[in-house]
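Participant: Structure, please.
(chains A and B)
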Amino acid sequence: MENPLLSYTLFLADNSLITGQRLSEWCGYGPILEQDIALSNIALDHLGQARMLLQYAAEQKGEGWTEDRLAYFRDEKNFRNLLMTELPKGDWGYTVMRAFLYDTYHFYEMTGLLQSKDEQLRAIAQKAIKEIRYHAQWSAEWVIRLGDGTEESHQRVKGSLLELWPFTGEFFETDEAAIELNGRGIAPNYAHIRTQWKAKVEEVLELATLERPEDGWMQSGGRNGAHTEHMGYLLAEMQHIPRSYPDAQW
Amino acid sequence: MVNASPEGADSDVILQLLGQVSDPEVPVLSILDLGIVRSWRQDENGVEVVITPTYSGCPAMDTIEADIRKTFLEAGYPSLEVRTVLDPPWTTDWMSAEGKEKLRAYGIAPPESKSADKRTLFGKEETVRCPHCRSLETEVVSMFGSTACKALYRCKDCLEPFDYFKCI
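Facilitator: Model prediction:
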């Protein structure tokens, strides 16, 4: 098994990197200027968090690894991000619903990491939590606005919620690395995060006049590098410049 | 909050030089006003300046580092180390009173000094004073503004939109 701390750091880093990449696709396409700016800002926060985590992962890996090499020169099967983060951006309702489900999870995950015994993960979490709080609030407000909005907006976010729900099970999966790190006080307890996440999700969905879907069969695989068909396209777009011109400098 | 000046160092000069480096996105603020200079020291090897980022993805950080370098080089301090630390995380509470006044005069509402607990979800909305007419009758347009550190507000009295340097 790979070093559990490295494996976990990359899991956190890849979630931020891929989320940031997906959200940045809205830049210039937002429904109104303020929301275009909001999503670009949020994408930038995720990218900044990804950088801190990738720098830490590169430090652990040593031997000439850098944040850029980890972001641009790894292949699909070496990315560990949750499948939900790589799904195409869809319509506004879909982006908002995905952001809400993920941000709420991300908020409790980073809150757990504020107690981490790993100094660097704790420092990153302290920095990130201040930004994530704004993300989670923004996406929850939009879920309420669309769910409790018009017939059309209600139908759209309802459909998005049903489509996305099977991807939420993966949030709380614990692999060997996570169990070991939780035992050492480095990673949070994901069962505990699930309880907090569920309560907040239910509270917001109720305000949005939406029903929480029943838990059924859940998608899985991101942590092990088994990604959806969308991941390759995302990476091709993200990586093709550095791969075509590997020595290019700003 | 800069450490007490080490003995025998050119503390006045160094502080003055740091005060000359401005935030590229809010040029009325120096990096001392912003509170991102955490400490500095000088020994026989040169000067070391420790800074902390405002937001994780703030694109100004690289420019700020380059500007510090340039300022010290031009002032005759060729060996300079700029180090970035994350812990403790930057907070708007570290912004100087002078900095807040400069922001207001520039047309940006400064962060409200008593920042709420940033770790709770759905905190109360802050009351923000309009930097133009000083009215408290303002409303939030978007919590995300022209840069990572700002929110967009509107004054209901003078009807002007304005930026608010939001609390983190």
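Participant: Just give the number of residues close to A:Ala199.
Facilitator: Taking other Cβ atoms under 10 Å in any protein chain shown as the neighbour definition, A:Ala199 ends up with a count of 12. Heads up, the C-betas are built off the backbone N, CA and C, glycines and all.
Participant: and if you look at A:Tyr245?
Facilitator: One way to gauge burial is a neighbour count; for A:Tyr245, by other Cβ under 10 Å, it gives 9.
Participant: State the distance from it to A:Tyr29.
Facilitator: Counting by Cβ to Cβ, to the nearest Å, the separation of A:Tyr245 from A:Tyr29 is 27 Å.
Participant: How about A:Gln35?
Facilitator: From A:Gln35 across to A:Tyr29, the span is 10 Å (Cβ to Cβ).
Participant: And those two? Which one has more around it.
Facilitator: Neighbours per residue, other Cβ under 10 Å: of A:Gln35 and A:Tyr29, the larger number sits with A:Gln35, 18 against 10.
Participant: helix or strand for the more buried one, which one?
Facilitator: With elements taken from DSSP states H and E, the one containing A:Gln35 is helix A:33-61.
Participant: Report pLDDT for A:Glu2.
Facilitator: Predicted confidence (pLDDT) for A:Glu2: 76.
Participant: Quick check: nearest residue in space to it, chain neighbours excluded?
Facilitator: Take A:Glu2 and drop its neighbours on the chain: the residue closest to it by Cβ to Cβ, 6 or more residues apart in numbering or on different chains is A:Ala177, 7.7 Å away.
Participant: and if you look at B:Ser135?
Facilitator: Taking Cβ to Cβ, 6+ apart, and ignoring the residues beside it in sequence, B:Ser135 has B:Asp157 as its nearest neighbour in space, at 3.9 Å.
Participant: ok, the one you found to A:Glu141 distance?
Facilitator: Distance, B:Asp157 to A:Glu141, using Cβ to Cβ: 25 Å.
Participant: just A:Ala208 next, same as before
Facilitator: Using Cβ to Cβ, A:Ala208 is found at 10 Å from A:Glu141.
Participant: more crowded one of these two?
Facilitator: Counted by other Cβ under 10 Å, A:Ala208 and A:Glu141 do not tie: A:Ala208 has more neighbours, with 24 against 17.
Participant: which one is that one nearest to, not counting chain neighbours?
Facilitator: Using Cβ to Cβ, 6+ apart and skipping residues adjacent in sequence, the residue nearest A:Ala208 is A:Gly147, 2.8 Å away.
Participant: how many neighbours does that neighbour have?
Facilitator: Neighbour count for A:Gly147, taken as other Cβ under 10 Å: 25.
Participant: Is it correct that it is in contact with A:Gln155?
Facilitator: No. Taking Cβ atoms under 8 Å as the contact criterion, A:Gly147 and A:Gln155 are not neighbours in contact, 10.1 Å apart.
Participant: and the helix or strand encompassing A:Arg243, what other elements does it pack with?
Facilitator: Using DSSP H and E, the secondary-structure element containing A:Arg243 is helix A:231-244. With contacts defined as 3 or more Cβ pairs under 8 Å, 6 or more residues apart in numbering or on different chains; DSSP states H and E, the packing partners of helix A:231-244 are helix A:4-24, helix A:67-72.
Participant: of all the ones you listed, which lies closest to chain B?
Facilitator: Among those, the nearest to chain B by Cβ to the nearest Cβ is helix A:4-24 (8.0 Å).
Participant: Quick one: residues contacting the most centrally placed residue in chain B.
Facilitator: Centre of chain B computed as the mean C-alpha position; nearest residue by Cα atoms, centre = their mean is B:Leu34, 2.3 Å away. Going by Cβ atoms under 8 Å, 6 or more residues apart in numbering or on different chains, B:Leu34 touches B:Asp23, B:Thr54, B:Trp94, B:Met95, B:Gly99.
Participant: JSON lines for those residues, including distance to A:Asn41, pLDDT and secondary structure?
Facilitator: Supplementary listing: the contacts of B:Leu34 in JSON lines, determined by distance: Cβ to Cβ, whole Å; pLDDT from 0 to 100; DSSP: H, G, I helix; E, B strand; the rest coil:
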{"residue": "B:Asp23", "distance to A:Asn41": "17", "pLDDT": "91", "secondary structure": "coil"}
{"residue": "B:Thr54", "distance to A:Asn41": "13", "pLDDT": "89", "secondary structure": "coil"}
{"residue": "B:Trp94", "distance to A:Asn41": "21", "pLDDT": "91", "secondary structure": "helix"}
{"residue": "B:Met95", "distance to A:Asn41": "20", "pLDDT": "91", "secondary structure": "coil"}
{"residue": "B:Gly99", "distance to A:Asn41": "22", "pLDDT": "91", "secondary structure": "helix"}
